[in-house]
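Chemist: got a structure for you, letters missing:
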Ligand code: MSP
């Protein structure tokens with residue numbers, strides 16, 4: 001296996017409505033991971049896309065008086081435009097209504113019907129005739145009424161195909177035990193193991209009451225239902241089972257696959273998907289990185305709760321990098337994070353405007369003021385604090401790689417911002433404005449400014465996967481080229497001499513929180 005061939009996927013989003021800031025998190029976090037791997041020099045392939053079939057979508061299209069295909073085309077277009085606006089660097093955008101996907105899903109059903117892992121049986125459930133939908137017991141209203149229209153449901157039997165899950169339970173348990181990094185964070189593993197051990201019922205994988213789905217070739221009364229259709233996207237996009245399967249060979253068979261998913265879809269990815277792969281005789285070969293939810297004051301953000309914030313509400317008003325920074329910094333790996341405007345503004349002011357923004361503007365201004373914009377590598381260290389700062393750069397580099405490799409971006413960013421804040425303190429300790437007044441202290445002064453310059457150069461490289469625009473602006477201010485954003489150049493002392501730009505650019509204008517909150521309230 002070549003660990004340098006890296007394949008990163010987001011879940012595919014239901015094409016039922018607009019993507020909000022909560023589900024855009026999966027895409028942003030994968031983008032950070034993909035950019036990070038590319039900077040490491042890994043051959044990286046990043047996939048995202050849309051989950052476009054099912055009853056909900058069929059109904060939403062009907063309500064608008066348009067065909068489901070037309071409905072999903074619109075949403076897919078909007079979503080892919082959103083990803084462009086958020087500077088998401090996906091290599092492909094898969095849609096489950098595409099012909100390439102239909103073909104593969106049909107082949108998968110035929111293969112599994114043939115080998116007996118999918119069989120024809122009968123599905124029995126609580127069915128609402130007017131909504132043409134089955135519901136689980138927990139979804140039903142009082143007196144077994146339909147949760148959507150309130151009418152009484154009936155127990156109905158429907159011919160359906162089923163995927164044998166139980167048959168693979170022991171093999172899956174063994175796989176989980178022998179692959180400790182299969183489910184991450186490890187705390188999620190117990191949940192999956194307990195679920196498998198409680199007994200796996202076979203999974204219903206077709207419907208005869210829905211039209212908007214992929215027809216099963218050998219029995220066209222049926223359409224593929226939900227999870228086989230959705231999960232197969234990860235291999236369809238690589239050309240699995242087609243004459244041109246070079247990507248599949250490279251990234252799946254010989255690479256490292258990372259599926260990033262929210263905790264609500266953990267079970268499908270940790271149980272159904274590996275079982276599908278076993279049934280198809282494809283190696284499991286993926287690691288599952290499970291993230292929490294973005295909550296709004298304790299509840300999950302969702303359209304039905306009316307507490308939705310869209311990513312462009314943030315990026316268009318306060319900058320894309322501020323949005324990306326907040327999402328990555330506020331979500332501890334595996335746990336939930338909060339989005340509130342108050343918290344967002346506080347982070348913006350303290351981390352971005354004060355710590356980072358000030359360090360950039362103070363450094364560029366002083367280099368201009370005292371040395372006409374030129375900074376030169378000193379012949380030795382002039383201050384006790386120099387060594388401490390250089391050591392901190394080394395430790396930060398180490399923490400950065402340890403955390404970013406393991407999807408713990410919050411911790412990585414905390415370390416980088418700690419370095420930024422220590423560099424600001426270093427200015428206070430070495431007092432360059434005092435040195436400037438003493439003609440004999442010009443080397444000392446250059447030494448201080450050089451250290452600050454190096455901190456900025458190095459932190460900008462580390463911040464690049466999260467805030468690419470900001471990194472590039474800082475690099476430009478430092479008189480460097482974008483090509484110098486390179487992990488090989490993370491060592492202190494790389495620069496010999498440099499010329500910074502004349503005027504520092506204000507990267508993040510401080511937000512007047514009270515006024516801004518008022519504005520948002522009024523706009524609502
Ligand atoms: N279509 C399925 C996934 C199929 S993958 C083979 C689906 N779609 S979804 O649109 O409902 O959700 C997509 C992703 O968004 C999931 O990972 C889900 O966890 C994530 N999120 C939805 N709301 C979220 C938050 N409020 N916060 C963080 N992620 C959230 O499930």
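Modeler: It's in. This is a predicted model, so every value here is computed, not measured.
Chemist: Can you get me a residue count around residue 294?
Modeler: For residue 294, the count of nearby residues is 23 (other C-beta atoms under 10 Å). C-beta: built from backbone N, CA, C; applies to glycine.
Chemist: before we move on, what about residue 114?
Modeler: 10.
Chemist: those helices in the stretch 401-524 of the chain, which residues are they?
Modeler: Secondary structure of the stretch 401-524 of the chain (DSSP state H, counting those that start in this stretch): helices at 409-430, 432-436, 442-463, 468-477, 513-523.
Chemist: Can you list the helices and strands that the third one packs against?
Modeler: Counting contacts by 3 or more C-beta pairs under 8 Å, 6 or more residues apart in numbering; DSSP states H and E, helix 442-463 packs against helix 358-371, strand 374-376, helix 384-405, helix 409-430, helix 432-436, helix 468-477.
Chemist: model confidence over that helix, on average?
Modeler: Helix 442-463 shows a mean pLDDT of 98.
Chemist: pretty sure residue 188 is in contact with residue 334, am I right?
Modeler: Yes: contact criterion C-beta atoms under 8 Å: residue 188 and residue 334 qualify, at 6.9 Å.
Chemist: Around residue 65, how many other residues sit close by?
Modeler: A total of 7 residues lie near residue 65 under the criterion other C-beta under 10 Å.
Chemist: quick one: it from residue 52, how far?
Modeler: Residue 65 sits 19 Å away from residue 52, going by C-beta to C-beta, to the nearest Å.
Chemist: repeat for residue 399
Modeler: 41 Å.
Chemist: Of these two, which one has the most company?
Modeler: Using other C-beta under 10 Å as the criterion, residue 399 and residue 52 rank with residue 52 on top: 28 against 19.
Chemist: Surely that one is in contact with residue 93?
Modeler: No: Residue 52 lies out of contact with residue 93 (C-beta under 8 Å); the separation is 11.9 Å.
Chemist: what's the overlap in contacts for the two?
Modeler: In terms of C-beta atoms under 8 Å, 6 or more residues apart in numbering, residue 52 and residue 93 are both contacted by the residues residue 76.
Chemist: Doesn't residue 120 lie inside a strand?
Modeler: Yes: checked against DSSP: H, G, I helix; E, B strand; the rest coil, residue 120 lies within a strand.
Chemist: give the contact list for it.
Modeler: Counted by C-beta under 8 Å, 6+ apart, residue 120 has contacts 159, 160, 161, 162, 219.
Chemist: what residues does the lowest-mean-pLDDT helix or strand in the chain touch?
Modeler: Ranked by mean pLDDT, DSSP states H and E, the helix or strand of the chain with the weakest confidence is strand 299-300, at a mean of 74. For strand 299-300, contacts defined as C-beta under 8 Å, 6+ apart pick out 22, 293, 294, 305, 307.
Chemist: at 10 Å instead, please
Modeler: With C-beta atoms under 10 Å, 6 or more residues apart in numbering as the test, strand 299-300 has contacts from 22, 262, 264, 292, 293, 294, 305, 307, 336.
Chemist: and these, which are buried?
Modeler: Buried members of the contacts of strand 299-300, counted by 16 or more other C-beta atoms under 10 Å: 22, 262, 292, 293, 294, 307.
Chemist: ok, of the residues you listed, which one's closest to residue 33?
Modeler: residue 262 (15.0 Å; C-beta to C-beta).
Chemist: Might one say that the closest one is in contact with residue 290?
Modeler: Yes: counting by C-beta atoms under 10 Å, residue 290 is a contact partner of residue 262 at 7.4 Å.
Chemist: Around the ligand, pick out the residues from the stretch 201-350 of the chain.
Modeler: Residues of the stretch 201-350 of the chain found near the ligand (C-beta under 6 Å from any ligand atom) are 230, 231, 233, 261, 262, 264, 265, 293, 294, 300, 301.
Chemist: Can you tell me which of those is closest to the ligand?
Modeler: Checking those against the ligand with C-beta to the nearest ligand atom, the nearest one is residue 262 at 1.6 Å.
Chemist: Show me the beta-bridge partners of the closest one.
Modeler: Here residue 262 sits in beta bridges with residue 291, going by DSSP bridges.
Chemist: any idea how far it is from residue 442?
Modeler: Distance of residue 262 to residue 442, computed by C-beta to C-beta: 56 Å.
Chemist: count of residues packed around the closest residue in space to residue 153 that isn't next to it in sequence?
Modeler: Using C-beta to C-beta, 6 or more residues apart in numbering and skipping the chain neighbours, the partner closest in space to residue 153 is residue 126 (4.3 Å). Applying other C-beta under 10 Å, we find 19 residues neighbouring residue 126.
Chemist: Surely residue 126 and residue 155 touch.
Modeler: Yes: at 6.1 Å, residue 126 and residue 155 qualify as touching, with contact defined as C-beta under 10 Å.
Chemist: Are there residues contacting both of those two? Which ones?
Modeler: Common contacts of residue 126 and residue 155, defined by C-beta under 10 Å, 6+ apart, comprise residue 144.
Chemist: Just tell me which of the helices of the stretch 401-524 of the chain ends up closest to residue 16.
Modeler: Using C-beta to C-beta, the helices of the stretch 401-524 of the chain put helix 513-523 closest to residue 16, at 25.5 Å.
Chemist: average model confidence for that closest one?
Modeler: The model assigns helix 513-523 a mean pLDDT of 92.
Chemist: Quick check: buried residues in it?
Modeler: Using 16+ other C-beta under 10 Å as the burial criterion, the residues of helix 513-523 that qualify are residue 516.
Chemist: Show me what that helix is packed up against.
Modeler: Packed against helix 513-523 by the contact rule (3 or more C-beta pairs under 10 Å, 6 or more residues apart in numbering; DSSP states H and E) you find helix 311-318, helix 341-347.
Chemist: I'd say residue 432 and residue 444 touch.
Modeler: Yes: judged on C-beta under 10 Å, residue 432 makes contact with residue 444 at a distance of 8.7 Å.
Chemist: so how far is residue 465 from residue 40?
Modeler: 10 Å.
Chemist: Neighbour count for the two, which is higher?
Modeler: Counted by other C-beta under 10 Å, residue 40 and residue 465 do not tie: residue 465 has more neighbours, with 25 against 16.
Chemist: thinking again about what came up before, could you dump the helices of the stretch 401-524 of the chain into CSV and include distance to the ligand?
Modeler: Putting those into CSV (distance: least, C-beta to the nearest ligand atom, whole Å) gives the following:
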stretch, distance to the ligand
helix 409-430, 14
helix 432-436, 44
helix 442-463, 23
helix 468-477, 22
helix 513-523, 19
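Chemist: right, so those helices: which one is the most enclosed?
Modeler: Among the helices of the stretch 401-524 of the chain, helix 442-463 has the highest mean neighbour count (mean count of other C-beta atoms under 10 Å), at a mean of 23.
Chemist: tell me the angle of it relative to helix 358-371?
Modeler: 150 degrees (axes from the mean of the first three to the mean of the last three C-alpha atoms, to 10 degrees).
Chemist: just the angle between helix 442-463 and helix 409-430, please?
Modeler: Interaxial angle, helix 442-463 versus helix 409-430 (the same axes, to 10 degrees): 170 degrees.
Chemist: Report the distance from helix 442-463 to the chain centre.
Modeler: 32 Å (C-alpha atoms, centre = their mean, to the nearest Å).
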